[in-house]
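Asker: Got a sequence here, can you model it:
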Amino acid sequence: MKKTIIIFLCVAFAASVLTACSSDASGNETETQPKTVHAIPKDDTSFKLCYTQSDSLNPYKCETQNNQILSQLVFESLFCIDDSYKANRNIAEKYEYPNSTTLSVTIPSRLSFSDGSSLTADDITYSFRNAVKSSYWGSSLSGISSCYAVSSTVVNFQLEYPNSYAHNLLIFPIISESSETSDYPIGSGRYYFAEENEGTVLKANNKNGFSPYFTTIHLENIPASDSIDNAVNIGSVSLTFRDLSRDSSKRIDSNYKLVNINNLVYIGINNKKGLGANSYIRKAINSAIDRDVLANSAYAGFAKTASSVFNPDFELSSTEIFNTSADMNAAKQAMLQSGLSNFSISLLVNGTNSDRVACAKLIKQQLEAVGFHINLSIADTYENYEKRIQKEDFDLYLGEIKVTPDMSLQHFFSKKGSAHFGINPEKSISAEEYNKYINGDAELGSFLISFSEEMPFIPILYRQGMICFSKEMNGDMQGTSMDCFKNIENWYFKSE
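Answerer: Here you go, the predicted structure:
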């Protein structure tokens, strides 16, 4: 018995020595202190977002960016898009293209909404029907003619034309059909709408193992954009999204992360009459444009220059077909090849957008530097600007379009497209080659060559947006424009 006690005491003593001391590189013993782990407490008071109380919380009925951003937390989609516009499966379990104009998507069985009710293919078809009718989602789904449930877990989407990137379009929110008339529509996302102390909040949906530090998100009624910027600057709200559609140089005092958005700023050209009908003139304009200057000056660096017809972060843009800096010699050479002697041309711009006007003034300077004479026409209202474009009452116009996530160019090359004005799709070589490409009858390179030769319009840059967030926030901000709250489960506020 005594021997056992002595052995036990020796082991205990040795253990205490080992835990109290360690050796450095020279063999000297140093004392080590036990590490203290500070657990991050759950937080149901600190995180605040702005919303518009007078607007609907239904993602297909709301009209404000405020409430659309909230839907990223409450609803899930079949796919999600990353910053390189690659579609990753979200609710979707698998997908396939049975033929060139059909996309079939399978979801797992036993999916559920935040209230515990089943999420089935019928909820997806219901959501799609509402999405195509909504002002926010409708235009992005114009390439899909219909969808129907094959079973409770399979949905087929019929495409307007062959499109191997059609699954990129399936990012619309899935909403429970049973909550159609509810003030608080039901989704399957990370949070759900709830009422607390006679106000609207977001509660964490822990059903799928989601365990954030922010268990409750409080909503502040701040509808005005200027007030929202001020609120995030002073910390009254924790996060907001700015699409930088105007006033990109406005000061931001909060922390921020730039995110890609698929908004193309371009020069539309009247290919049907005037100087714009001459392909050498179109190529001269393209060569004279210094996209780097336009992005850094007019858009304060919150943009990415376009060296191809596609978004520079998209996989199809790897082949550069024009320079981002000006090539004045090439521009002057093309002007000589045009056979023209009068280089007077007008440029139409929407006068209500200060960034766009600043960009147009720089374009005027760049074109006049190679010998053009530019008449800058500044429309006093957006309605007048749009009316002139639709009547094709322009030589050039500075435009912007939100390109759909599948990077479709049908906006320019289809008569139904919102940006086809000035282009005759039936006579355009680029339009013909593009249609061959999407039908699988030609390589991408053939289309890019024809585009660079014809230059039916001139891509300039793709704007960026900004997630603004409190300086007190901890956690690696990984948000994108499609999901500002991408890793919200890791966010927390600094301890005092």
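Asker: gap between the residue nearest the centre of the chain and residue 116?
Answerer: When CA atoms, centre = their mean is applied to the chain, the residue found nearest the centroid is residue 261 (3.6 Å). According to CB to CB, to the nearest Å, residue 261 stands 35 Å off from residue 116. In this view, the C-beta of every residue, glycine as well, is placed from N, C-alpha and C.
Asker: How about residue 438?
Answerer: As defined by CB to CB, residue 438 lies at a distance of 43 Å from residue 116.
Asker: quick one: which of the two has more around it?
Answerer: Counting neighbours by other CB atoms under 10 Å for residue 438 and for residue 116 shows that residue 438 has the greater number, 20 against 8.
Asker: Spatially, what comes nearest to that one if we skip its sequence neighbours?
Answerer: Excluding its sequence neighbours, the residue lying closest to residue 438 (CB to CB, 6 or more residues apart in numbering) is residue 162, at 5.4 Å.
Asker: secondary structure element for the one you found?
Answerer: Secondary structure here is read from DSSP states H and E; on that basis residue 162 sits in neither a helix nor a strand.
Asker: And the pLDDT at it?
Answerer: The per-residue pLDDT reported for residue 162 equals 93.
Asker: Also the one 4 residues further on?
Answerer: Residue 166 carries a pLDDT score of 96 in this model.
Asker: Just give me the neighbour total for it.
Answerer: By other CB under 10 Å, 26 other residues sit near residue 166.
Asker: Show me the longest strand that occurs in this protein.
Answerer: Among all segments of the chain classified by DSSP state E, the strand with the greatest residue count is strand 255-269.
Asker: which outside residues touch the helix or strand just after it?
Answerer: Next helix or strand after strand 255-269 toward the C-terminus (DSSP H and E): helix 279-288. If you take CB atoms under 8 Å, 6 or more residues apart in numbering as the criterion, helix 279-288 is touched by 267, 269, 271, 275-276, 322-323, 326-328, 330-332, 334-335, 337-340, 343, 345, 366-367, 369-370, 372, 396, 453-456, 458.
Asker: What of stretch 378-398?
Answerer: 265-270, 272, 274-276, 285, 345-352, 356-357, 359-360, 363, 377, 399, 421-422.
Asker: Pairing partners for the closest residue to residue 239 other than its chain neighbours in the sheet, please.
Answerer: With sequence-adjacent residues excluded and distances taken as CB to CB, 6+ apart, residue 239 is closest to residue 469, at 4.3 Å. The bridge-partner assignment for residue 469, based on DSSP bridges, gives residue 239, residue 255.
Asker: Then residue 396?
Answerer: Beta-bridge partners for residue 396, by DSSP bridges, are residue 269, residue 347.
Asker: what residues are up against residue 357?
Answerer: When the contact criterion is CB under 8 Å, 6+ apart, the partners of residue 357 are 349-351, 378.
Asker: Where does the prediction get shaky in the stretch 51-200 of the chain?
Answerer: The model of the stretch 51-200 of the chain has no residue with pLDDT under 70.
Asker: can you map out the strands along it?
Answerer: Assigned by DSSP state E, counting those that start in this stretch, the strands in the stretch 51-200 of the chain fall at 79-81, 87-89, 94-99, 102-106, 144-149, 154-159, 191-196, 199-204.
Asker: Just the pLDDT at the residue nearest to the centre of the chain, thanks.
Answerer: On the pLDDT scale, residue 261 gets 92.
Asker: Tell me how far it lies from residue 241.
Answerer: Noted for residue 261: a distance of 10 Å to residue 241, by CB to CB.
Asker: Quickly list what's touching both of these two.
Answerer: Common neighbours of residue 261 and residue 241 (CB under 8 Å, 6+ apart) are 465, 481.
Asker: give the contact list for the residue nearest to residue 438.
Answerer: Residues in contact with residue 162, defined by CB under 8 Å, 6+ apart, are 100-101, 438-440.
Asker: how much does the host helix or strand of residue 387 deviate in direction from strand 255-269?
Answerer: Under DSSP H and E, the secondary-structure element containing residue 387 is helix 382-390. With axes from the mean of the first three to the mean of the last three CA atoms, to 10 degrees defining the directions, helix 382-390 sits at 40 degrees from strand 255-269.
Asker: what comes up buried for helix 382-390?
Answerer: When burial is assessed from 16 or more other CB atoms under 10 Å, helix 382-390 yields the following buried residues: 385, 388-389.
Asker: again, but for stretch 450-466
Answerer: Buried residues in stretch 450-466 (16+ other CB under 10 Å): 450-452, 454-466.
Asker: Filter those residues down to the ones in strands?
Answerer: Those of the buried residues of stretch 450-466 lying in strands (DSSP E): 457-466.
Asker: Residue 428 contacts residue 415, correct?
Answerer: No. Between residue 428 and residue 415 there is no contact under CB atoms under 8 Å: 11.2 Å.
Asker: So these two - more neighbours on which side?
Answerer: When neighbours are counted by other CB under 10 Å, residue 428 comes out ahead of the other of residue 428 and residue 415, with 20 against 11.
Asker: how about the helices in the stretch 351-496 of the chain?
Answerer: For the stretch 351-496 of the chain, the helices defined by DSSP state H, counting those that start in this stretch cover 354-368, 382-390, 410-413, 429-438, 444-454.
Asker: now swap in the stretch 1-150 of the chain and tell me
Answerer: Listed in chain order (using DSSP H, counting those that start in this stretch), the helices of the stretch 1-150 of the chain are 2-20, 65-74, 121-133.
Asker: Report the angle between the last one and strand 102-106.
Answerer: It stands for helix 121-133. Orientation check (the same axes, to 10 degrees): helix 121-133 against strand 102-106 gives 130 degrees.
Asker: Contacts for helix 121-133 next, please.
Answerer: Contacts of helix 121-133 (CB under 8 Å, 6+ apart): 60, 78, 105, 107, 113, 137-138, 141, 144, 147-155, 157, 172-177.
Asker: If you go by neighbour count, which of those residues are buried?
Answerer: The neighbour-count test (16+ other CB under 10 Å) applied to those identifies 60, 78, 105, 107, 113, 137, 141, 144, 147, 149, 153-155, 157, 172-177 as buried.
Asker: And for residue 410, the neighbour number?
Answerer: Applying the criterion other CB under 10 Å, we find 24 residues in the vicinity of residue 410.
Asker: mind checking how far it is from residue 424?
Answerer: Distance, residue 410 to residue 424, using CB to CB: 15 Å.
Asker: now residue 133
Answerer: Between residue 133 and residue 424 the distance is 31 Å, computed by CB to CB.
Asker: what does residue 173 give?
Answerer: Separation of residue 173 from residue 424 (CB to CB) stands at 38 Å.
Asker: next one: residue 197
Answerer: Residue 197 sits 61 Å away from residue 424 when distances are taken as CB to CB.
Asker: between these two, which one's more packed in?
Answerer: residue 424 (12 against 6).
Asker: quick one on the thing from earlier: please report how far the residue nearest to residue 438 lies from residue 403.
Answerer: Counting by CB to CB, the separation of residue 162 from residue 403 is 18 Å.
Asker: How about residue 208?
Answerer: With distances taken as CB to CB, residue 208 is found 33 Å from residue 403.
Asker: again, but for residue 456
Answerer: Counting by CB to CB, the gap from residue 456 to residue 403 is 16 Å.
Asker: what's around residue 211, how many residues?
Answerer: By other CB under 10 Å, neighbour count at residue 211 equals 10.
Asker: Since that was my last question, I'll sign off now.
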